[in-house]
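*Asks:* A predicted structure for the sequence below; I have some questions about it.
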Amino acid sequence: MFLINCPFCGEREQSEFKAGGEAHIIRPKQPTELSDDEWAEYLFMRKNIKGVQFERWNHAHGCRKWFNVVRDTSNDEIKAVYKMGEKPPTI
Amino acid sequence: MTKSLRVKTGKIIDETYRISFKFNGKTYYGFKGDTLASALLANDVHLVGRSFKYHRPRGIMTAGSEEPNAIIQLHKNSSRTEPNVRATEVEIYEGLEASSQNCWPSVEFDIGGINNFLSPLLPAGFYYKTFMWPASFWEKYEYFIRKSAGLGKSPTEPDPDVYEHKYVHCDVLVIGSGISGIMAAKTAAKNGLQTLLVDEKPILGGSTIYQNSENFKINNQNSGSWLEKEINEIKKISNLDIKVRTSVAAYHGYNFLLARESLTDHLPIEQRKNKTRHKLLKIRAKKVICATGSIERPLIFNNNDRPGILLSSAIKRYADLFGVSCGEKNVLLTNNDSAYETAISLIQKGINIEAIIDNREEVDSKLVYEIEKNNIKIYKGFTVVDTSGYKRINKLSIMKLSKDGQKVIGSKINLPCNCLGISGGWTPAVHLFTQSGGKLKFREDDQVFIPNTHPSDQISIGSCNGDLSLEDILINVPNTLKEFLGIKKTEYENIEVLSSENFSKRNIWLLPSDKVLGKTKSFVDYQNDATAKDIKLALREGFRSIEHVKRYTTTGMGTDQGKLGNMHALGIISETAGTKMGEHGTTTFRPPYTPLTFGTIVGRNVGEYFDIFRKTPIHDWHVENKAEFENVGQWKRAWYYPKDNEDMYQAVQRESKAARESAGILDASTLGKIDIQGTDASEFLNRVYTNSWSKLAIGKCRYGLMLNEDGMVYDDGVTTRLGENHYIMTTTTGGAANVLSKLEDYLQTEWPELDVYLTSVTDHYATISVCGPNSRNIVSTIIDDLDFSDENFPHMSFKNAKIGKINCRVMRISFTGELSYEINIQANYAKSVWEKCIEAGKDFNITPYGTETMHLLRAEKGFIIVGQDTDGTMTPIDLQMDWIVSKKKYDYIGKRSLYRSDTIREDRKQLVGLLTENPDDVLEEGAQIVANINKTPIEMLGHVTSSYYSPNLKKSIALAVVKGGKNMMGEKLIIPMENKSINVTIADPIFLDKENKKLNA
Amino acid sequence: MMKNKYSIFSLIKNAFSYHENWQKAWKDPQPKKEYDVIIIGGGGHGLATAYYLAKKHDLKNIAVVEKGWIGGGNTGRNTTIIRSNYLWDASAGLYDHALKIWENLSQELNYNVMFSQRGVMNLAHNLQDVRDLKRRTHANRLNGIDAVYLNTQQVKEFCPIINTSPDIRYPVLGGTLQRRAGTARHDAVAWGYARGADEMGVDIIQNCEVKGIKRNNGAVEGIETTRGLIKTKKIGVVAAGHSSVIANMAGLKLPLESKPLQALVSEPVKPVIDTVVMSNAVHAYVSQSDKGELVIGAGTDDYVSYSQKGSHEIVEGTLNAILELYPIFSRMRMLRQWGGIVDICPDASPIVSKTNIKGLYFNCGWGTGGFKATPGSGDLFAHTIANDEPHKLNAAFNLNRFISGDLVDEHGAAAVAH
């Protein structure tokens, strides 16, 4: 059970947060222009990385804010935390 | 009378406080401070239980939580019964009752003992190779296998005790209160750190506290006395919290640990009332110091499992701490100096030692010389090759070891013996360290695994770190602490230590015998009866990984989790396979360290606290009026209100009729309510709902359907425009939290440019829905300054109003198809407003109705319930709700998915109405629908989603989803039930008032 | 080489020689330079695939490569529940195919996998559960699957230790029972298939981790491993939680997320529960192993992780549910707790499919419930690899469904997804 450093509230137990999956998958601005394949890519296909993953978390039982986390999924070590819209750190 | 083997006063025994207890029905006596094991040993009881597979007699082997054999059932046939309790951990109390388990009819004479004679047929994994014929018989074999397996018996009554959780935050957690732990706790606390020291035993001090020998001294005092002074000092430190009887069960990542503090298990039953039994400490420590000590290794030789065979260190502990001699004819078998410490203690206490058998040939050790001075025979370079005595060891045979230690030579010598102490050196207790993700390294010198890399802010100190001598501890621990805690100095800088043992060891994982291995029983895992030959068999059959061997032989899978034998299993594997230790891996030590009671893990989350009850502000009224309730998510909703012994069907028929004919009232407070504000609120709604919101006038309401991004219906509800930039959205009861979370997600991450704010107001407002032809008459009575005329207040509109001085919002919306008003009012006024409505409705037979009637009324009207008529696979088109899907809008959540090759198919399942051939046949919700019953495989076209007998239409009606149903109006289909088939016709899902006359009345 | 047959007679015979003459259950070969088919992943599904490739498709030059030890992933970590009472036709067809193989598997493999048809019960705790379970039962009946609906009284009769009091937080309103369902001994399934495959000449190569997939012109050529390059034209990936890792090596993305799933066992006790009971609303499932341990499954965490560790809340929540339904277990003790990595598809159904790379096949996405499918999955995947096209029973479980939208939505349909 890891600790997540919410950029708005500080360090809290992971159980206060809800995971939102891989980050930086931007919802297409013009979905109707996409082929079924391209739309499926957005909708379902994931890198599902073993290793350093950029992902979204929501402080669901706290400030309810969404933000990004860089976490090594092989050992759950969190490398960085940054707000939505901020530039991802280089890890 | 039984013999007493009590010798000189033990360190923690209070001989003035006698306690009686029962074991297998017989009454015995012990003293305050005794464990069940020490008290039994004092009464010369060694036979305690039977082993898992061969039902061999077993006794007490250890003095701690590593005990594999002496496990008993506590208080059988009572609500406080507990299986598989280690006698070595139970502190006795007046009235304690323990019994042997896994034996029948008794531990003395156990029918299952026959397995011991069948053992040649029962090698490791025998069950994979047989019981396959005849094929249908496995369950019959299994019945007997299951009966003979298992150890104790599960309780059969609910638990009378209570458990609690506590969150603990500290700067430093020290696990273990042996000499290293005490030094660490004192150093941390004295440096101003908030420190918690825990130990699983009832007293502090580990194994040093009862050291009373001239051979081990600190600053010229014997080490036990020195430590006692340290302990007395630390008890006075205010920022040091000390918890005994507290066992750390699990060490998770990020220094999160679980520990069980046992509070009443040592008390007589009558003193446990109203007290918490266990407290589960959820510890978040900035730094963790593992001082978990080490566990003495047994030795593996033929028949090494008989009652009366104990770890040498346990014999010492029983003598020193409890004043108990484990036997009169004591023999010690060792490969290192530790057994000599035991011997010295026994000599001090006047306990007879017959002989010491030392695997080592030559030893230059002060301890050995001291024993020799006492004229005790030492057989150097010898080993035990066999033992005898069925229920208690009575004799052993020894032989000389060959030079390489792989064979025995010379002639056999028999020695009388009723207690054999064995010492195979020490295994650092690294279980918690590895649980935390720590990696081990192997130290060849003494064949131990010790911590290598630490994954979090933690250290291991003392013998769990491989510092097995007093000297190493006093030199290394202070240095390690300085570095770890970032301090310059400890109190232990210039300490004088005398430590007399010699650290030579002759490590032989499997001691040789004069018999071939196949004829021996050398137990590696005592509880599960896994022997050395089982391990070798597994290797022979191609199992190589330690995990394979463990699973095939069940080594290390008992309730002691292999604390004693796992190292030997690894050793035998690497010896047999000719590989290096550690090359086949170490088995993972899975949490918990010692088994943890379910009740402890659950704490107070039982019974009424299992999950919260959400109740509406009008709940008490429903209770007073005898409502039956339905669970909807966490909510308790009034389901129906039976009158005069009505059953549900009768009540619902009455309620439904009343609502259509005159007036009904429903508590709709559980619907989710989200307050939406901001200059982009309309645009936001455009993006989340399938229909268009830009043109909704202030004061108007609109129904909306929300999709998932995959195009499937997710939620629905009515949203009202309260002002230019202000809406109130309603959601389904069950979907409220998820909808808000989803909307926040889009708002914050996809559309941060939108100026929109979302607030859940579900609990702030109650919703009272009054419906029926007379609803206007009723609502206008209690809201007197509002014009309720259809012109001023048409369907799908809203008005601010006042009831007395209280502001409320009134929406004219309808889920029943009747003229209907929803009063939204601040929650704390809700019950009185409800009662006002009831009062005002008296003349109109206003009838409270519950969710069941609501479901029926809306079904008559063909309104869907998301989650009942949809299941995550229905698009709005499937629901024949094309009218709500905007063709003009460029985008909204889920739009793109509606145009995939599968979602545009014409023959998808579509929502339809169903009428039964016999209007009295009410279909079962969930029943499947077919066209042709004779076709195999039978093709299912869909299923019944909602079904009722409509009192207003006087016939059965149903909603269903049917493949291609949209174009099958009037077609006949079949509902095949178990015992009959029901003929149905596809109909319009709107059964009543298609023209909405009632709504707009 | 023919193995010696396991039976009570061979046990007796070997007892005379102190069990010194048993053969290896499988060999430990060095990898060859090239194979006709390589299966990546030596779990139950992978070994079963190799077994059926050799047995039914006349392929002999097959290897299974495993980075650790066979059966060490989810095969050896699951709660061993086997059932086929799925809602949708495609799922029911797939899982019942497996169940039929289970019914004779010990004899087929000459290895006792201890398949025990003690029944699986699913409980309903609210009115929607009741509707969903009835819907499923009707569908099962028409699909020829032996599921029946039980009322609360019948639930109590079948499993007396369940607390069916109407006063609990979420009372038991009913349930379904599939009597042919049950449990099996998980390790034995991997070992039995390994022994059977080995006998037919399949190379089982342990401690061999795949590091890359060699491709040329959109077709596979071989695998790079920690034990060197191995050539092949067909690769079947059965890597469960690590499927995406292998897919990424081939430049593919899959609709999967790998999440922690935890389970635990109690200390062993004498028989106390003689069936498998699952509940979705009060989330927990429990059975008792032949050894006597209560085997309890928890849910998944909601984040991606390959750490084989989940959060304590999940375990706590599961035991809360267990004590709600079985208050007599309060004084039982948790003996061991562990985690696995489960690969979950958006529709909670598996993928047994070709890919757009020639010779590359995936069998994954079994989520929390793959064990029960092991024999069927192996059989159908073998068919798919051998014929380069799916069998009709796994046709619906293709990768294309995520593009067309033709999902097999088992969790959307509120079936218990285990």
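*Replies:* All right, it came through fine.
*Asks:* tell me the pLDDT at the spatially most central residue of chain C?
*Replies:* In chain C, the residue lying closest to the centroid (C-alpha atoms, centre = their mean) is C:Phe371, at 1.4 Å. The per-residue pLDDT reported for C:Phe371 equals 98.
*Asks:* the strands in the stretch 101-250 of chain C, which residues?
*Replies:* C:120-124, C:147-151, C:174-178, C:182-183, C:203-205, C:210-216, C:219-225, C:228-231, C:234-237 (DSSP state E, counting those that start in this stretch).
*Asks:* return the list of strands paired to the last one, each annotated with direction.
*Replies:* In other words, strand C:234-237. Using DSSP bridges, the strands paired with strand C:234-237 are strand C:37-40 (parallel), strand C:360-364 (parallel).
*Asks:* contacts only, for B:Tyr318.
*Replies:* If a contact means C-beta atoms under 8 Å, 6 or more residues apart in numbering or on different chains, then B:Tyr318 has B:Ala37, B:Ser38, B:Leu41, B:Ala63, B:Val324, B:Ser325, B:Cys326 as its contacts. All C-beta spots, glycine's among them, are computed from the backbone N, C-alpha and C.
*Asks:* quick one: secondary structure of the nearest residue to B:Ile182 once chain neighbours are set aside?
*Replies:* Nearest non-adjacent residue to B:Ile182, counting by C-beta to C-beta, 6 or more residues apart in numbering or on different chains: B:Glu230, 5.3 Å away. Secondary structure, DSSP: H, G, I helix; E, B strand; the rest coil: B:Glu230 is helix.
*Asks:* list the buried residues of stretch B:78-95.
*Replies:* Buried positions in stretch B:78-95, judged by neighbour count with 16 or more other C-beta atoms under 10 Å in any protein chain shown: B:80-93.
*Asks:* could you dump those to CSV with pLDDT, distance to C:Gly212 and secondary structure?
*Replies:* What follows is the buried residues of stretch B:78-95, written out as CSV (pLDDT from 0 to 100; distance: C-beta to C-beta, whole Å; DSSP: H, G, I helix; E, B strand; the rest coil):
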residue, pLDDT, distance to C:Gly212, secondary structure
B:Arg80, 96, 60, coil
B:Thr81, 97, 58, coil
B:Glu82, 97, 54, strand
B:Pro83, 98, 52, strand
B:Asn84, 97, 49, strand
B:Val85, 98, 53, strand
B:Arg86, 98, 51, strand
B:Ala87, 98, 56, coil
B:Thr88, 98, 53, coil
B:Glu89, 97, 52, coil
B:Val90, 98, 57, coil
B:Glu91, 98, 60, strand
B:Ile92, 98, 64, coil
B:Tyr93, 98, 64, coil
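*Asks:* from those, which are also near chain C?
*Replies:* By C-beta under 8 Å from any C-beta of the partner chain, the members of these lying near chain C are B:Arg80, B:Thr81, B:Glu82, B:Pro83, B:Asn84.
*Asks:* got the residues of chain C near chain A?
*Replies:* By C-beta under 8 Å from any C-beta, the residues of chain C that approach chain A are C:242, C:244-245, C:248, C:253-258, C:301-307, C:309, C:311-313, C:343, C:346, C:402-405.
*Asks:* of those residues, which belong to helices?
*Replies:* Judged by DSSP state H, the residues of chain C next to chain A include C:Ser244, C:Val245, C:Asn248, C:His312, C:Glu313, C:Phe402, C:Ile403, C:Ser404 as members of helices.
*Asks:* where do the helices of the stretch 51-200 of chain B begin and end?
*Replies:* Using DSSP state H, counting those that start in this stretch, the helices of the stretch 51-200 of chain B run over B:114-118, B:126-129, B:138-148, B:179-190.
*Asks:* likewise for chain C?
*Replies:* C:8-16, C:44-56, C:89-102, C:105-109, C:127-142, C:152-158, C:186-199, C:243-249, C:312-325, C:374-387, C:401-404.
*Asks:* adding mean pLDDT, write the ones you listed out as TSV.
*Replies:* Shown next, in TSV, are the helices of chain C (pLDDT from 0 to 100):
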stretch	mean pLDDT
helix C:8-16	92
helix C:44-56	98
helix C:89-102	98
helix C:105-109	97
helix C:127-142	96
helix C:152-158	98
helix C:186-199	97
helix C:243-249	98
helix C:312-325	96
helix C:374-387	98
helix C:401-404	97
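*Asks:* which of those sits closest to B:Pro155?
*Replies:* helix C:312-325 (11.7 Å; C-beta to C-beta).
*Asks:* re earlier: so can I have a markdown table of the buried residues of stretch B:78-95 showing distance to chain A?
*Replies:* Below are the buried residues of stretch B:78-95 laid out as a markdown table (distance: C-beta to the nearest C-beta, whole Å):
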| residue | distance to chain A |
| --- | --- |
| B:Arg80 | 32 |
| B:Thr81 | 33 |
| B:Glu82 | 28 |
| B:Pro83 | 30 |
| B:Asn84 | 28 |
| B:Val85 | 29 |
| B:Arg86 | 29 |
| B:Ala87 | 34 |
| B:Thr88 | 32 |
| B:Glu89 | 28 |
| B:Val90 | 32 |
| B:Glu91 | 32 |
| B:Ile92 | 37 |
| B:Tyr93 | 36 |
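*Asks:* hey, which of the helices of the stretch 51-200 of chain B is tucked in deepest?
*Replies:* Highest mean neighbour count of the helices of the stretch 51-200 of chain B: helix B:179-190, a mean of 27 (counted as mean count of other C-beta atoms under 10 Å in any protein chain shown).
*Asks:* quick one: stretch B:128-137 near chain C?
*Replies:* Yes - using C-beta under 8 Å from any C-beta, stretch B:128-137 reaches chain C at B:Tyr128, B:Lys129, B:Thr130, B:Phe131, B:Met132, B:Trp133, B:Ala135.
*Asks:* contacts only, for the residue of chain B found nearest chain A.
*Replies:* Per C-beta to the nearest C-beta, B:Arg896 is where chain B lies closest to chain A, at 3.7 Å. Taking C-beta under 8 Å, 6+ apart as the criterion, B:Arg896 is in contact with A:Pro28, A:Pro31, A:Thr32, A:Leu34, A:Trp39, B:Gly711.
*Asks:* residue 85: what's it in contact with?
*Replies:* As the question left the chain open, I've gone with chain A. B:Pro752.
*Asks:* switch to chain C, that's the one I care about
*Replies:* Counting by C-beta under 8 Å, 6+ apart, the residues that C:Asn85 touches are C:Ala92, C:Val120, C:Asn122, C:Arg136, C:Thr137, C:Asn140, C:Ile145, C:Ala147, C:Thr176, C:Gln178, C:Ala181.
*Asks:* does the last one touch C:Ser84 like I think?
*Replies:* Yes - in this structure C:Ala181 lies within contact range of C:Ser84 using C-beta atoms under 8 Å: 6.9 Å.
*Asks:* intersection of neighbour lists for the two?
*Replies:* Contact with both C:Ala181 and C:Ser84 is made by residues C:Leu99, according to C-beta under 8 Å, 6+ apart.
*Asks:* doesn't C:Gly405 make contact with B:Thr903?
*Replies:* Yes - B:Thr903 lies in contact with C:Gly405 (C-beta under 8 Å); the separation is 4.8 Å.
*Asks:* among the two, which residue is more densely surrounded?
*Replies:* Just comparing B:Thr903 and C:Gly405: by other C-beta atoms under 10 Å in any protein chain shown the higher neighbour count belongs to C:Gly405, 25 against 21.
*Asks:* check what pLDDT the more buried one gets.
*Replies:* pLDDT recorded at C:Gly405 is 96.
*Asks:* is it true that it touches B:Arg905?
*Replies:* No - between C:Gly405 and B:Arg905 there is no contact under C-beta under 8 Å: 9.1 Å.
*Asks:* spell out which residues of chain A are next to chain C.
*Replies:* So far as C-beta under 8 Å from any C-beta goes, chain A lies against chain C at A:1, A:14-15, A:18-19, A:21-22, A:36-37, A:39-41, A:43-50, A:53, A:55, A:73-76.
*Asks:* mind redoing it with 10 Å?
*Replies:* Within chain A, the positions near chain C by C-beta under 10 Å from any C-beta of the partner chain are A:1-2, A:13-15, A:17-22, A:35-41, A:43-51, A:53, A:55, A:57, A:69, A:71-77.
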